[in-house]
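>>> build me a model:
(one chain, ligands or ions: 1)
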Amino acid sequence: MIVALAGGTGGSKMVHGLALANGQRDLSAIVNTGDDGEFFGLLVCPDLDINLYCLAGVVAERGWGYADDTFHCLEGLSTYGREAWFGLGDRDLATHIHRTLLMRDGARLSDVVEDLRARLGVEARVMPMTDDPVRTIITTPSGERRFQEYLVRDGAREEIDSIRIEGLDAAAPAPGVLECIRDADLIVIAPSSPIVSIGTILGVPGVREAVAARRDRVIGVSPIIGGAPVEGPAQKFLRGAGYAECSARQMAEIYADVCATFVIDASDEAEAGAIEALGVRPVLTDILMPDRQARERLARVVIEAAG
Ligand code: GDP
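Sure, this is the predicted structure:
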């Protein structure tokens, strides 16, 4: 069994690659829920949904949301003066309505994900990191923002003073999470944000220790190439968490206690020695995943590198 720790955009590309390379039956994804939020009374779980849509083959070309979706409901809400900055498509809204109704009837988030998974025809196991509500709060010079307000509404323009993950200390790993980590043949840390995706998953009490106990079987993939994130504002999150450096080496250092092997881009060869000095084995390859061929190829390299 391969187990992936994943956030949204970067994470789902790796999870998709692993599914293409090794099949879905032997794949489990433990997914960040710190980006979740309530919109119009509905619980929206962006990272879980990206992974589910990707595995179901229904993700939109842009990498999130449902393929060929329309936005009539959102347009209607904005006619009524509602804030419509978070791109919830009509078909996507069905997922959030269904999830919210199930949870109103007492279902846990992990039960909901299991229901969505089965109904969307996904064979891989997909798990939220926790069933408890966890919310990432970003503080900037102009005040506190919910994660999606900072990222999507405000376009991540401001520098970050601090990042608080509300509810994390009291969260329990979702059913199956610790067992999966314990029994995995291979654990892949996807190239997701080390702070607000993987950092959040590892921050669920008990998870970091469980992954560290399997360190020899853990392989990470860098989200940073040439000193910059492949996409998105990872630099701001790193600075906000107190890391001055944005590099593959810095990623390896953040993960040094939980992963024995770290995959970096071939163009970052100059950082390989510094990564080895951290006690982490560097593996060099092309780590960009623009299309399914690239995802599958990288996943094969990851699986082979783990031995
Ligand atoms: P979020 O939850 O949607 O913010 O997404 P993640 O945390 O899963 O991923 C964000 C990270 O993915 C960013 O730091 C990107 O640099 C990284 N990323 C996106 N696409 C790729 C890719 O093709 N290759 C690699 N190595 N990293 C990527």
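
>>> interface residues of the stretch 201-307 of the chain facing the ligand?
Val221, Ser222, Pro223, Pro229, Val230, Glu231, Gly232, Ala234, Ile287, Leu288, Met289 (CB under 6 Å from any ligand atom). The C-beta positions use only the backbone N, C-alpha and C, and glycine is treated the same way.

>>> switch the cut-off to 5 Å
For the stretch 201-307 of the chain, the residues in contact with the ligand (CB under 5 Å from any ligand atom) are Pro223, Pro229, Val230, Glu231, Gly232, Ala234, Ile287, Leu288, Met289.

>>> let me know the secondary structure of the last one.
State at Met289, reduced to three classes by DSSP: H, G, I helix; E, B strand; the rest coil: coil.

>>> before we move on, back to that, who wins on neighbours among the residues of the stretch 201-307 of the chain next to the ligand?
Among those, the one with the most neighbours (other CB atoms under 10 Å) is Pro223, at 27 neighbours.

>>> leaving out the residues flanking it, which one is nearest to that one?
Pro191 (3.9 Å; CB to CB, 6 or more residues apart in numbering).

>>> how about that neighbour, what does it touch?
Pro191 is in contact with Gly10, Gly11, Lys13, Met14, Val221, Ser222, Pro223, Val230, Ile287, counting by CB atoms under 8 Å, 6 or more residues apart in numbering.

>>> the fourth one and the ligand, how far apart?
Pointing back at Met14 there. From Met14 across to the ligand, the span is 8 Å (CB to the nearest ligand atom, to the nearest Å).

>>> verify the contact between that residue and Ile219 for me.
No. If you go by CB atoms under 8 Å, Met14 and Ile219 don't touch, sitting 10.8 Å apart.

>>> strands of the stretch 51-200 of the chain, start to end?
Secondary structure of the stretch 51-200 of the chain (DSSP state E, counting those that start in this stretch): strands located at 125-128, 135-140, 143-146, 162-166, 186-189.

>>> residues in contact with stretch 63-74?
Against stretch 63-74 from outside (CB under 8 Å, 6+ apart): 8-9, 12-13, 46, 49-50, 53, 58-61, 84, 87-93, 95.

>>> could I get the residues of the stretch 201-307 of the chain next to the ligand as a markdown table with pLDDT?
Listed next are these as a markdown table, based on pLDDT from 0 to 100:
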| residue | pLDDT |
| --- | --- |
| Pro223 | 98 |
| Pro229 | 94 |
| Val230 | 93 |
| Glu231 | 93 |
| Gly232 | 91 |
| Ala234 | 92 |
| Ile287 | 98 |
| Leu288 | 98 |
| Met289 | 97 |
